[in-house]
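*Asks:* Need coordinates for the following:
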Amino acid sequence: MSSWRSWHRPLVVFSAAMAVLALVSAVGLVVDDRVLVGAPIWAKPFKFAVSFAAYGLTLAWMLAHLTRGRRAGRWAGHVVVLTSLTEMVLITVQVVRGRRSHFNFATPFDAVLWDAMGVTIVVLWAATLVIAVLLLRTRIADRATALAVRGGLLIALAGSALGFLMALPSESQRAAGNLDTADIVGAHSVGVPDGGPAMPLTGWSTTGGDLRAPHFVGMHALQLLPLLLIVLVLLAPRFAPLRDAGVRLRLVRVAAGGYAALVALITWQALRGQPLIHPDGATLAAAGILLAAVAYGTWSTLRTTAHDRPSPRTADDREPVA
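*Replies:* Below is the predicted model:
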């Protein structure tokens, strides 16, 4: 485990700044009663700030594992800070103005801000890809840690890439035509307009598909897979099978495979215009198969370990004393 002093300092500072912005946004949720696209206007900067705080801190920890390409990794971290900070500034500016930050072409100024945000998103994704490639080439002694870090990054990149689908015109926008003069081009929801009935806290649609669900779940593999490994290590003193590094590796492997399949499943569900909390029979069947596969993989790993462990010797097994 790397010392926190070796973590990428600008990313750590950025995460602290995002924590402060999250507190400011929380205050805004209380004192500012404005609503935009069916949600409190400060909800977006609050959620983005919390997400970026976790994102930056996790990347700062991961970069400390680099054994080669450290300079390139350091610069990629700098780019992540710059682009993420730019995106948050643009989102906050639009909140103060009472305007939509995403997909907004209503005025030339709104369009310029959204185009700038689109550039920062692409560059942020590319910088994260550079970090992922560097970590794929880095020798990490503990194989379970290596898998948690690399698997988390790769799934997070896939989840982040799903955000590009939201910038495409929705079916209703394409049917309406005149995309060059439309005020809004792009949407979070599939099959229904943005701003309709939504889940509390997340704001995800309850009447149609919502691409923010797989986008969110995928991106946070970055934190959840390493956290799973940390939990396994902490439980090892109490549960003998977990003391085996090979067992922890196989459990992380099962978790990574299951997590990637989950992201694919809820992406498929969203693209069919289906709310996350109202799955149809096909989605439930696929979820059942996925759950059974993960449960079997976990059970098989632990059972094999218990079977291979030598049993205590009984009195009859003891060697005779001369």
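*Asks:* Against residue 9, how distant is the spatially most central residue of the chain?
*Replies:* Among the residues of the chain, the smallest C-alpha distance to the mean C-alpha position (C-alpha atoms, centre = their mean) belongs to residue 219, namely 1.6 Å. Remark: distance between residue 219 and residue 9 (C-beta to C-beta, to the nearest Å) = 23 Å. The way it works is simple: take the backbone N, C-alpha and C, and place the C-beta from them, glycine included.
*Asks:* Same check on residue 204?
*Replies:* Per C-beta to C-beta, residue 204 is found 35 Å from residue 9.
*Asks:* Contacts made by stretch 130-141 with the rest, please.
*Replies:* 59, 62-63, 65-69, 72-73, 76-77, 80, 146, 149-150, 153-154, 157 (C-beta atoms under 8 Å, 6 or more residues apart in numbering).
*Asks:* And the helix ranked longest in the chain, what's buried?
*Replies:* Determined from DSSP state H, the single longest helix within the chain is helix 108-137. By 16 or more other C-beta atoms under 10 Å, the buried positions in helix 108-137 come out as 110, 113-114, 117-118, 120-121, 123-125, 127-132, 134-135.
*Asks:* In the stretch 101-250 of the chain, mark out all the strands, start to finish.
*Replies:* With strands called from DSSP state E, counting those that start in this stretch, the stretch 101-250 of the chain shows them at 189-190, 209-210.
*Asks:* Starting from the last one, tell me which strands it pairs with and how they run.
*Replies:* So that's strand 209-210. strand 189-190 (antiparallel) (DSSP bridges).
*Asks:* Now do the same for the partner strand: mean pLDDT, whole number.
*Replies:* Strand 189-190 carries an average pLDDT of 95.
*Asks:* can you give me the offset of it from its chain's centre?
*Replies:* Centre-to-centre, strand 189-190 and its host chain are 19 Å apart (C-alpha atoms, centre = their mean, to the nearest Å).
*Asks:* contact partners of it?
*Replies:* Contact partners of strand 189-190, identified using C-beta under 8 Å, 6+ apart, comprise 170, 196, 205, 208, 209, 210, 211, 270, 271, 272, 273.
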